[in-house]
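Participant: Need the 3D shape of this:
(one chain, ligands or ions: 2)
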Amino acid sequence: MPRTAVFDLDGTLVDSAPDIHAALDRLVAEEGRPPFTRAEVTGMIGDGVRALIERAAAARDLPFSEALLARFTADYTARAAEATALFPGIAAALDALAGLGWRLAVCTNKPAAATAALLAALGLDGRFAAVGGGDSFPVRKPDPGHLLGTLAAAGGDPARAVMIGDHRNDVLAARGAGLPCLFAGWGYGTLAMAEGAAGIARSPAQLVPLLRDLLP
Ligand SMILES: O=C(O)COP(=O)(O)O
Ligand SMILES: [Mg+2]
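Facilitator: Ligands and ions are numbered 1, 2, ... in the order given. Predicted coordinates:
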């Protein structure tokens with residue numbers, strides 16, 4: 001059974017904050033509200049799009065509504081790849097893992113449609129044995145069912161898999177699923193969120209050696 005590396009998306013594989021930030025600014029500008037700082041935006045990412053819009057609305061004194069959420073989702077999904085790129089070193093790490101026989105998967109709280117659009121725009125469709133989005137299953141991270149469902153879809157073995165993510169939700173999902181989590185220190189989470197992780201990768205260049213240590 002091959003080893004499986006299950007990657008979080010936002011803040012781990014891709015630096016998606018610029019496009020999320022731009023879409024949030026367009027949304028609140030339509031309501032006559034001022035734009036966000038980048039730190040405000042990265043602090044609101046990680047619990048899926050509904051939580052993102054609830055937080056953004058609260059921060060700009062706007063009532064949350066399904067219509068607001070739907071407007072954001074449509075706009076962001078159409079423009080998710082304008083400024084979003086892989087973090088430097090990620091492409092090489094994915095290539096190296098694939099070359100070592102690892103199976104690759106994505107487990108993200110980003111909705112599946114936006115995730116698919118983004119991965120396609122980055123030329124990454126087909127790279128992953130499975131992609132579990134934030135609305136692909138009845139549950140999402142930190143619920144381990146999201147990670148285990150993605151792993152099952154990838155044909156991976158939970159006893160031979162590692163989760164890599166930048167948020168507390170990734171660490172908690174991995175812990176609940178009985179997998180080690182490697183914390184992505186270059187992402188949007190704080191290092192305090194790494195508590196309970198099996199290790200911290202400071203840069204994508206450290207991914208392959210640390211993953212090989214975790215699953216020799
Ligand atoms: O959509 C989010 O809030 C975060 O997505 P992630 O799980 O890929 O970090
Ligand atoms: Mg993330």
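
Participant: Please make it C-alpha for all contacts and neighbour counts, starting now.
Facilitator: OK.

Participant: My guess is residue 142 contacts residue 175. True?
Facilitator: No. Using Cα atoms under 8 Å, residue 142 makes no contact with residue 175, being 9.2 Å away.

Participant: More neighbours: these two, which one.
Facilitator: residue 142 (22 against 19; other Cα atoms under 10 Å).

Participant: A helix includes that one, no?
Facilitator: No. Using DSSP: H, G, I helix; E, B strand; the rest coil, the assignment for residue 142 is coil, not a helix.

Participant: pLDDT value on it, please?
Facilitator: At residue 142, the model reports a pLDDT of 98.

Participant: Give me the distance between it and residue 91.
Facilitator: Computed as Cα to Cα, to the nearest Å, the residue 142 to residue 91 distance reads 26 Å.

Participant: just residue 207 next, same as before
Facilitator: Residue 207 is 11 Å from residue 91, by Cα to Cα.

Participant: Settle it for me: which of the two has more neighbours?
Facilitator: residue 207 (23 against 13).

Participant: CA atoms only: put stretch 148-168 into PDB for me.
Facilitator: C-alpha atoms of stretch 148-168 as PDB (Å, rounded to 0.1, in the frame of the first residue of the first chain):
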ATOM      1  CA  LEU A 148     -10.900  10.000   6.300                       C
ATOM      2  CA  GLY A 149     -13.400  10.400   3.500                       C
ATOM      3  CA  THR A 150     -10.800  12.100   1.300                       C
ATOM      4  CA  LEU A 151      -8.300   9.400   2.100                       C
ATOM      5  CA  ALA A 152     -10.800   6.600   1.300                       C
ATOM      6  CA  ALA A 153     -11.600   8.400  -2.000                       C
ATOM      7  CA  ALA A 154      -7.900   8.400  -2.800                       C
ATOM      8  CA  GLY A 155      -7.600   4.700  -2.000                       C
ATOM      9  CA  GLY A 156      -5.200   5.500   0.800                       C
ATOM     10  CA  ASP A 157      -4.500   3.700   4.000                       C
ATOM     11  CA  PRO A 158      -5.000   5.700   7.200                       C
ATOM     12  CA  ALA A 159      -2.100   3.800   8.800                       C
ATOM     13  CA  ARG A 160       0.200   5.000   5.900                       C
ATOM     14  CA  ALA A 161      -0.800   8.600   5.600                       C
ATOM     15  CA  VAL A 162       0.100  12.100   6.800                       C
ATOM     16  CA  MET A 163      -1.900  15.300   6.800                       C
ATOM     17  CA  ILE A 164      -0.100  18.500   6.000                       C
ATOM     18  CA  GLY A 165      -1.800  21.800   6.900                       C
ATOM     19  CA  ASP A 166      -1.400  25.300   8.300                       C
ATOM     20  CA  HIS A 167      -4.400  25.500  10.600                       C
ATOM     21  CA  ARG A 168      -5.600  24.100  13.900                       C
END
